[in-house]
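In: quick one: sequence plus predicted model below, questions after.
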Amino acid sequence: MSSHVLNKSPVKIPYKTIIYTTLQFLIGTVLIVIGCLLLTGYIGHVGTSRAIVVLIVGILVFVPGCYHLIIIYRACTGCQKYSYSDLPDFED
């Protein structure tokens, strides 16, 4: 009997993508918090329109960062439906 060994190639972890995604998530979180604080007048009185702009930009940066972090987490934990190939490629 011949034994067949499955040769799995090592998974290439996209470190740059993980760093960029984490930064995107953190920047979005900070902008959302600042936008909320500006909107309530806790930080300063810049007006509602500027506070809403900061809040919207924060949400636009936060949502894809959060989405990609979920994919990274699921790929790290070995969930079969997720892999690093589902992420955008920022590698050189």
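Out: Structure received. This one's a predicted model, so the numbers in the text were calculated from it and none came from an experiment.

In: who are the packing partners of the longest helix anywhere in the chain?
Out: Counting residues, the longest helix found in the chain (DSSP state H) is helix 48-77. On a contact count with 3 or more Cβ pairs under 8 Å, 6 or more residues apart in numbering; DSSP states H and E, helix 48-77 meets helix 15-40. (Each C-beta comes from the backbone N, C-alpha and C, glycine too.)

In: and the helix it packs on, what does it pack onto?
Out: helix 48-77.

In: okay, angle between the helix it packs on and helix 15-40 too, please.
Out: Following axes from the mean of the first three to the mean of the last three Cα atoms, to 10 degrees, one obtains 150 degrees for the angle between helix 48-77 and helix 15-40.

In: report the contact partners of the spatially most central residue of the chain.
Out: Nearest to the mean C-alpha position of the chain, counting by Cα atoms, centre = their mean, stands Gly65 at 2.2 Å. Counting by Cβ atoms under 8 Å, 6 or more residues apart in numbering, Gly65 makes contact with Thr21, Thr22, Leu23, Gln24, Phe25, Leu26, Ile27, Gly28.

In: count the neighbours of Thr22 for me.
Out: Residues near Thr22, counting by other Cβ atoms under 10 Å, number 14.

In: dump the residue contacts of it.
Out: Gly65, Leu69.

In: offset the numbering so it begins at 259, please.
Out: I'll keep to 259 as the first residue from here, and by that count the last item is Thr280.

In: against Tyr273, how distant is it?
Out: The gap separating Thr280 from Tyr273 is 11 Å, by Cβ to Cβ, to the nearest Å.
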